[in-house]
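S.K.: Give me a 3D structure for the following:
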Amino acid sequence: MELNFKDILSISLVMFSVIDIIGSLPIILSMKQKGIKIQARKASIVSFVIMVIFLFTGVKLLSLFGVDVGSFAVAGSIVIFLLGLEMILGIHLFRDEPESTSSSIVPIAFPLIAGAGALTTILALKSQYNNINILIGIAINIALVYLVLRFSGWIEKKIGSNGIEVLRKVFGIILLAIAIRLFKENWFM
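M.R.: Got it, this is the predicted structure:
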């Protein structure tokens, strides 16, 4: 277990792009307008637990199906690529989950934060980085998620809807580049 701050930064950026909590602000704000109470701490803790469990048991789960991490990383890179396209082009390739009027677990913690993209990315990252660096990257992102959930109204006022859209497109381009790199590095394993 070796801490590598460059790896932690790379992992954090990848996870931030995939989780796309800034890009999810319109969804979060819409939920608040509908009277759905979002508990930032609860959603963040549950998301963190889901991601950590998947970090440590995801490979075993895949082995039950006869899939190795490299193959999962290639599949994950395709999903990440499509998520990037969604963000850049403003289209919806994936079906949105129905909105819930219940707690912050569904749909905030899962699938908005710790959704298929984040879980796929965790296993794709696992093929390249140490678990401790991934764990720290996840923790950094959950802290950012908490802050965004907690101060979503303030962020909306400061950035504005155009600023949120620009950030979404920038992170979409980053996701495309990351997806291509993951594909290249795992396709030829």
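S.K.: all contacts plus neighbour counts: C-alpha atoms, from now on.
M.R.: OK.
S.K.: Just give the closest residue to residue 168, not the sequence neighbours.
M.R.: residue 23 (5.2 Å; CA to CA, 6 or more residues apart in numbering).
S.K.: Can you list the buried residues in the lowest-mean-pLDDT helix or strand in the chain?
M.R.: None of the helices or strands of the chain scores lower by mean pLDDT, DSSP states H and E than helix 25-33, at a mean of 75. Of all the residues in helix 25-33, those buried under the rule 16 or more other CA atoms under 10 Å are 25-26, 28-29, 31.
S.K.: Name the nearest residue to residue 129, ignoring sequence neighbours.
M.R.: Of all residues not flanking residue 129 in the chain, residue 7 sits nearest, at 7.1 Å (CA to CA, 6+ apart).
S.K.: Thought residue 133 was touching that neighbour, still the case?
M.R.: Yes - at 6.6 Å, residue 7 and residue 133 qualify as touching, with contact defined as CA atoms under 8 Å.
S.K.: and residue 4, backbone torsions?
M.R.: phi -130, psi 110 (degrees, to the nearest 10).
S.K.: Same check on residue 3?
M.R.: phi -70, psi 130.
S.K.: Just give the number of residues close to it.
M.R.: Residue 3 is flanked by 13 other residues according to other CA atoms under 10 Å.
S.K.: same check, this time on the one 5 residues further on
M.R.: Residue 8 is flanked by 21 other residues according to other CA under 10 Å.
S.K.: just to revisit the earlier point, just checking, what packs against the least confident helix or strand of the chain?
M.R.: Packing contacts for helix 25-33, counted by 3 or more CA pairs under 8 Å, 6 or more residues apart in numbering; DSSP states H and E, involve helix 152-187.
S.K.: orientation of the helix it packs on relative to helix 25-33 in degrees?
M.R.: Interaxial angle of helix 152-187 relative to helix 25-33 (axes from the mean of the first three to the mean of the last three CA atoms, to 10 degrees): 140 degrees.
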